[in-house]
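Undergrad: let me see the structure of the following:
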Amino acid sequence: MQPDYDAIIVGARCAGASTAMLLARHGHRVLLVDRAHFPSEIPQGHFVHRHGPPHLARWGLLDEIVRSGCPATTRIVSYFGDFRLVSNDLELDGVAWGYGPRRSVLDKILVDAACQAGAELEAGVAVEGLLTRDDRVIGIRTTGGRQITARLTIGADGKHSRVAQELAAPVYESVPTLACWYFTYFRDVPDPGFEMHLLPRRRAIFVHETNDGLVAAFVGWPIEEYASVRGDLETSFMSALDQAPGLGERIRAGHRAERFYGTGDMPNFLRQPHGPGWALVGDAGCHKDPFLALGICDALRDAELLADAAHRGLSDALSLDQALADYAAQRDEATLPGYRENLHAAQLAPVPPDVLRLRQGLRHSPIDATRFALATHGRIPREEFFNPSNLERILAAAPLDVAA
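TA: Numbers count the residues shown, from 1 in each chain. You can find the predicted model right below:
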């Protein structure tokens with residue numbers, strides 16, 4: 001019996017909508033299902049950098065992000081308890097280093113692109129279970145007992161994925177929550193831009209511009225402080241901002257536009273992302289602490305990896321099971337270096353002396369500071385900056401006493 005669709009995707013946020021769009025562009029019959037309606041917000045971070053902006057540009061969607069009123073980020077100010085290091089001109093081939101669209105904006109753009117490509121969207125629909133035959137997933141069962149079949153069922157339904165839980169998808173590289181995070185939005189903040197502050201007493205702050213003239217501010221604390229932070233959230237939040245030179249004062253010059261959002265539920269794990277007739281993508285397949293803001297950019301990358309692999313399987317160029325196994329291997333190879341780097345960063349440990357000394361060498365060299373940022377965040381090959389001769393040249397200009 002012919003299945004209803006080639007692919008059903010459960011979850012229509014950035015990972016699911018991107019996968020649906022790409023599969024539909026390949027000519028496949030795709031159903032995208034989500035309990036939410038769009039546009040709608042979710043209380044999660046939303047900065048897109050590293051490989052994220054180039055993916056959006058390649059898919060023809062980056063201009064829509066800009067037209068939504070989301071500013072491009074081409075400047076980073078960082079403070080690691082030493083001084084404010086500025087990296088300017090962070091743009092390559094017309095694509096800025098980063099963009100911070102609200103999730104209501106980004107997800108709607110991706111959902112609309114999926115529908116324009118030919119995918120069908122069923123919003124406001126809850127998935128109650130999976131359909132199986134001979135240990136193979138063959139579709140979904142929605143509210144009211146409706147059954148919909150497909151050759152491939154994809155879970156893109158977040159860190160607490162119903163699809164993954166029903167399949168008992170194996171978890172690996174698992175590390176418990178390391179930090180708790182809260183964020184909110186401010187209006188009329190002077191000198192907005194992207195700022196990163198790693199502070200004493202294990203505090204991390206990230207600030208960036210977003211839609212509607214707002215500035216998003218995020219603060220992270222060690223998870224063991226979660227109860228005390230939550231007990232007096234506004235005081236804890238503003239006290240952290242005050243530790244960053246000038247930041248608390250500038251934030252207070254504006255006014256808070258929304259409530260606080262946040263959680264201490266930030267587990268770190270990879271799940272096996274495939275099996276007979278099924279696959280996982282986005283947070284359903286890999287969730288991590290938001291320190292390095294890898295969630296969205298990795299979701300976009302993995303959506304492309306999965307769509308390309310699934311296309312090969314659905315078009316019978318390769319068995320579907322082998323194509324999905326290839327996707328799993330590619331995803332892990334692409335994910336694990338950043339995942340492990342992020343685990344280290346999320347411990348909020350003191351900044352190593354060699355990093356502080358490198359920053360001293362960059363302090364009076366704008367060109368090197370720019371290339372350092374581009375290499376650190378994956379927009380140029382790391383070896384173009386982090387090679388022995390280049391580092392030796394930069395460190396020669398740095399004082400041995402980094403506290404001086």
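Undergrad: so residue 300 versus residue 14, what's the distance?
TA: Relative to residue 14, residue 300 is positioned 7 Å away (CB to CB, to the nearest Å). Using the backbone N, CA and C atoms, a C-beta is placed for each residue, glycine as well.
Undergrad: now residue 162
TA: The gap separating residue 162 from residue 14 is 18 Å, by CB to CB.
Undergrad: over to residue 305?
TA: Counting by CB to CB, the gap from residue 305 to residue 14 is 14 Å.
Undergrad: those two: which has the busier surroundings?
TA: Counted by other CB atoms under 10 Å, residue 305 and residue 14 do not tie: residue 14 has more neighbours, with 28 against 22.
Undergrad: give me the pLDDT for the residue nearest to the more buried one when sequence neighbours are not counted.
TA: Among residues not flanking residue 14 along the chain, residue 299 sits closest, at 5.0 Å (CB to CB, 6 or more residues apart in numbering). If you check residue 299, the pLDDT there is 98.
Undergrad: same for the helix or strand encompassing residue 299, what does it pack against?
TA: Assigned by DSSP states H and E, residue 299 falls within helix 295-314. The contact analysis (3 or more CB pairs under 8 Å, 6 or more residues apart in numbering; DSSP states H and E) places helix 295-314 against strand 5-10, helix 14-25, helix 52-58, strand 147-155, strand 286-287, helix 320-345.
Undergrad: quick one: residues in contact with the helix or strand residue 241 falls within.
TA: Here residue 241 is covered by helix 233-242, with elements defined by DSSP H and E. Residues outside helix 233-242 that contact it (CB atoms under 8 Å, 6 or more residues apart in numbering) are 182, 184, 199, 203, 205, 217, 219, 221, 228-229, 247-248, 251-252, 260, 262.
Undergrad: now the buried members of those residues.
TA: Buried by 16 or more other CB atoms under 10 Å: 182, 184, 199, 203, 205, 217, 219, 221, 229, 247-248, 251, 260, 262, out of the contacts of helix 233-242.
Undergrad: number of residues surrounding residue 240?
TA: Neighbours of residue 240 (other CB under 10 Å): 23.
Undergrad: show me where the stretch 151-300 of the chain has its strands.
TA: Remark: strands assigned in the stretch 151-300 of the chain by DSSP state E, counting those that start in this stretch are 171-175, 179-187, 194-199, 203-209, 214-222, 255-256, 261-263, 268-271, 274-275, 278-280, 286-287.
Undergrad: helix or strand: which one has residue 115?
TA: Applying DSSP H and E as the criterion places residue 115 in helix 103-117.
Undergrad: buried residues, that helix. List them.
TA: Residues of helix 103-117 classed as buried by neighbour count (16+ other CB under 10 Å): 103-115, 117.
Undergrad: for these, give me TSV that also has pLDDT and distance to residue 81.
TA: Compiled in TSV, the buried residues of helix 103-117 are given as follows (pLDDT from 0 to 100; distance: CB to CB, whole Å):
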residue	pLDDT	distance to residue 81
103	98	32
104	97	35
105	98	34
106	98	33
107	98	36
108	98	39
109	98	38
110	98	38
111	98	42
112	98	44
113	98	42
114	98	44
115	98	48
117	98	48
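Undergrad: which one of these sits closest to residue 9?
TA: Ranked by distance to residue 9 (CB to CB), those are led by residue 114 at 8.7 Å.
Undergrad: next up, the contacts around the closest one.
TA: 12, 17-18, 20-21, 24, 30, 32, 121.
Undergrad: tell me how many other residues surround the residue lying closest to residue 12 once chain neighbours are set aside.
TA: Leaving aside its chain neighbours, residue 12 sits nearest to residue 34 (3.7 Å; criterion: CB to CB, 6+ apart). Using other CB under 10 Å, residue 34 has 25 neighbouring residues.
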